[in-house]
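Trainee: need the 3D shape of this:
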Amino acid sequence: MEASVKRGIKISGGVLFGVYVVALIYFLFLAEGFGRGTEGMYGGYNIRPFQEILRCLRYWEILGVEYVALNLVGNIVGFMPFGMLLPVFARSVRSGWKVGILSFEISAVVEISQLILRVGNFDVDDMILNTLGGLLGYVLFCSMIQGMKTFRRD
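Mentor: Presented below is the predicted three-dimensional model:
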């Protein structure tokens, strides 16, 4: 691939990553529709792994499909762009374990910040789901790279 094309992809990936980070900050800290405007919903915490995930799976009919989807799928999908875009512009983060560790670290910073700023609840399950989302995003990144290599050979 030409150097100018690679540079364009890297710049585009960086811009998309920046837009993603701004959107993530908005949804995680400012958007009222995502649990930020509800009285009495601040400062809680869950430090037992899989407690909230299992609760959602067991009681989805009582909790409602929308809540369960937002909690489980939303946390996964919300971090997939992180795993997809980070390796595009940060060549040093092109291994699954690095993406996994960074996804976990960023998720931990988000969860701790939500607790301290009282704009949400600290939930270790969110960290698990976010890390999974980052790793799935990385798998998609790798699949796209492999697809591009296959396409160029044909």
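Trainee: so which bits of the helix or strand where residue 106 lies are buried?
Mentor: Taking DSSP states H and E as the criterion, residue 106 maps to helix 96-117. For helix 96-117, the neighbour count (16 or more other CB atoms under 10 Å) marks 99, 100, 102, 103, 104, 106, 107, 108, 110, 111, 114, 115 as buried. C-beta coordinates here come from the backbone N, C-alpha and C atoms, glycine included.
Trainee: residue ranges of the helices in this structure, please?
Mentor: 3-25, 51-58, 60-63, 65-68, 74-89, 96-117, 124-153 (DSSP state H).
Trainee: could you say what helices and strands the fifth one packs with?
Mentor: In this structure, helix 74-89 makes packing contacts with helix 3-25, helix 96-117, helix 124-153, judged by 3 or more CB pairs under 8 Å, 6 or more residues apart in numbering; DSSP states H and E.
Trainee: now do that helix, average pLDDT.
Mentor: Averaged over helix 74-89, pLDDT sits at 94.
Trainee: tell me the buried residues in that helix?
Mentor: Neighbour counts over helix 74-89 (16+ other CB under 10 Å) mark 74-76, 78-89 as buried.
Trainee: next: the second one.
Mentor: Residues of helix 51-58 classed as buried under the neighbour-count rule (16+ other CB under 10 Å) are 52, 53, 55, 56.
Trainee: and the second one, what pLDDT?
Mentor: Meaning residue 53. In this model, residue 53 carries a pLDDT of 97.
Trainee: what do you get for the last one?
Mentor: In this prediction, residue 56 carries a pLDDT score of 96.
Trainee: that one and residue 72 touch, don't they?
Mentor: Yes: Residue 56 is within contact range of residue 72, at 5.6 Å (criterion: CB atoms under 8 Å).
Trainee: so which of the helices and strands packed on helix 74-89 gets nearest residue 48?
Mentor: Residue 48 sits nearest to helix 124-153 of all the helices and strands packed on helix 74-89, at 7.0 Å, using CB to CB.
Trainee: any idea of the angle that closest one forms with helix 96-117?
Mentor: Helix 124-153 and helix 96-117 are oriented at 140 degrees to each other (axes from the mean of the first three to the mean of the last three CA atoms, to 10 degrees).
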